[in-house]
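*Asks:* Show me how the following folds:
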Amino acid sequence: MAVGKRTFAFARFLRLAALGLALALLYVLTAVVVAQEPTPEATLYVVQPGDTLFSIAQRFDTTVEALVAANSIADPSLIRVGQKLVIPSPLPESVPAVEQVSQSRIHPVRAGETLPFLAFRYGATVWVLRAVNELGPLAEVRPGQLLEIPPPIAEHPGVPPLPTIMTQPAPGVQGQTMVVKVRGIGPLQLEGLLLDRDLWFIEEGGEYWALVGIGVLTAPGSYSLTLRVTEAESGDRITMQEPVTVTEGGFTTYNIVVPADRQSLLDPALVRAEQARVNAVFAQVSHTRQWNGLFGYPLAGELVTSSPFGQRRSYNGGPVSSYHAGHDYKVDEGTPVLAPMTGTVALAEPLQVRGQAVILDHGLGVMSGFWHLSQIDVQVGQVVGKGQVIGLAGNTGLSTGPHLHWEMRVFGVPVNPLQWTQQEFP
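*Replies:* You can find the predicted model right below:
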């Protein structure tokens, strides 16, 4: 009987061991299958006539920025028919997510300040300040020590408020100029970041403002405006973040038929070289503001638009390879071109693609350009007043007929010049 029990127990042990070995083998095989499961191949898209990076991004639920990064594209405005693009994984949302950064205030302790004094001033409690800053039981602070100040829990008239932030227009639109205004207590030192561009703040009448050019190819969605403030009186360092919405500009597409004698001006190498020359001028920033009030128009009399700002463009039936960075007016050759606002001549020379060209520097990162002139009547360094003749309209460079191209840039970003004729900045 004892032998039978031992035999039964041994047989049961063998069955359990076999079951365990089978489960282990199944686990190994499953792991191998999972490990060998092929990763999905990247989606490839062949550029078709009329495509732009923006339209492709919308089609595949991604962004222009993601396409540029995935394909190492140097110039987002230049893609060609037949080009193969790697399509990144679809975004969980159709708009860029705003990075969540909480508002914070850092206070440098000054001589004579105690924790109870600071707790009352900022509407907090000694216990909260101790906990937030991991202070010892005696809660002693020393001059120069940096304390994190939490949001007030006991509001009273003496609690210093956070600076206020306002953006105009709101929401922003592709191709528009936006002004960021900040108000606070006493003098402020400001640093800001929006659309991956540093903000340059100017103080006027106790208010601080900065201009931002919203790129034509900026993906619609929500972006973070990050502001870092240092209060001169208290020494407090404040970090704030506000969401800024960008909406579509509603631009059209147009095919330009280039005359045979000017098709050589479409040479990419020539275009890039001249773009570098012009961008170097637009990158200069003078510290004196020369504009005030609304901009005028660069032509007198009745204005006839031949090509609006932001228009997507193809040439000779090819792919949509660029966008219109200015506003074109149909005009007779020899018509006087006027400075829309006071400025200093930053460029006055013949270019190959843009023809005879003039760039005016209006100060603080604001510039305007005038292309395809038949005659230049100003020279570099000359200050011209609003309404002064700077040249004559013409048909030089990459042009299909007499017209004036008027372009404006804010810190190098092309913006719609007509906005400046309708809205005062700041």
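
*Asks:* now the strands for the stretch 301-426 of the chain?
*Replies:* 305-307, 312-315, 320-323, 327-330, 336-338, 343-350, 356-363, 366-376, 383-384, 389-393, 403-410, 413-415 (DSSP state E, counting those that start in this stretch).

*Asks:* what do you get for the stretch 1-150 of the chain?
*Replies:* Using DSSP E, counting those that start in this stretch, the strands of the stretch 1-150 of the chain run over 43-46, 84-87, 104-108, 146-149.

*Asks:* Take the ones you listed and lay them out in a markdown table including mean neighbour count and mean pLDDT.
*Replies:* Heads up, the C-betas are built off the backbone N, CA and C, glycines and all. Listed next are those as a markdown table, based on neighbours: other C-beta atoms under 10 Å; pLDDT from 0 to 100:
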| stretch | mean neighbour count | mean pLDDT |
| --- | --- | --- |
| strand 43-46 | 12 | 85 |
| strand 84-87 | 15 | 86 |
| strand 104-108 | 17 | 95 |
| strand 146-149 | 16 | 96 |
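
*Asks:* how about those in JSON lines, adding distance to residue 372?
*Replies:* As requested, these are exported to JSON lines (distance: least, C-beta to C-beta, whole Å):
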{"stretch": "strand 43-46", "distance to residue 372": "35"}
{"stretch": "strand 84-87", "distance to residue 372": "33"}
{"stretch": "strand 104-108", "distance to residue 372": "52"}
{"stretch": "strand 146-149", "distance to residue 372": "57"}
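
*Asks:* so which of these comes closest to residue 115?
*Replies:* Closest of the strands of the stretch 1-150 of the chain to residue 115 is strand 146-149, at 8.5 Å (criterion: C-beta to C-beta).

*Asks:* Tell me the strands beside the closest one, with direction?
*Replies:* For strand 146-149, the paired strands and their directions (DSSP bridges) read strand 104-108 (antiparallel).

*Asks:* out of the strands of the stretch 301-426 of the chain, which comes closest to residue 204?
*Replies:* strand 356-363 (13.4 Å).

*Asks:* residues in contact with the closest one?
*Replies:* Strand 356-363 has contacts (C-beta atoms under 8 Å, 6 or more residues apart in numbering) with 278, 281-282, 284, 286-291, 337, 339, 341-351, 367-376, 378, 384, 390-391, 394, 396-397.

*Asks:* Now with 6 Å, please.
*Replies:* With C-beta atoms under 6 Å, 6 or more residues apart in numbering as the test, strand 356-363 has contacts from 281, 286, 288-291, 341, 343-344, 346-348, 350-351, 367-371, 373, 376, 390-391, 396.

*Asks:* Going by neighbour count, which of the residues you listed are buried?
*Replies:* Taking 16 or more other C-beta atoms under 10 Å as the criterion, what is buried in the contacts of strand 356-363 is 281, 286, 289-291, 341, 343-344, 346-348, 351, 367-371, 373, 376, 390-391, 396.

*Asks:* Which helix or strand contains the closest residue to residue 200 other than its chain neighbours?
*Replies:* Leaving aside its chain neighbours, residue 200 sits nearest to residue 210 (5.6 Å; criterion: C-beta to C-beta, 6 or more residues apart in numbering). Element membership for residue 210, per DSSP states H and E: strand 207-213.

*Asks:* Which strands and helices lie in contact with that strand?
*Replies:* strand 177-183 (3 or more C-beta pairs under 6 Å, 6 or more residues apart in numbering; DSSP states H and E).

*Asks:* strands paired with the strand it packs on, and their directions?
*Replies:* In its sheet, and by DSSP bridges, strand 177-183 pairs with strand 164-168 (antiparallel), strand 207-213 (antiparallel).

*Asks:* and the angle for the longest one with strand 403-410?
*Replies:* What that stands for is strand 207-213. Inter-element angle recorded for strand 207-213 and strand 403-410: 130 degrees (by axes from the mean of the first three to the mean of the last three C-alpha atoms, to 10 degrees).

*Asks:* That'll do, ta.
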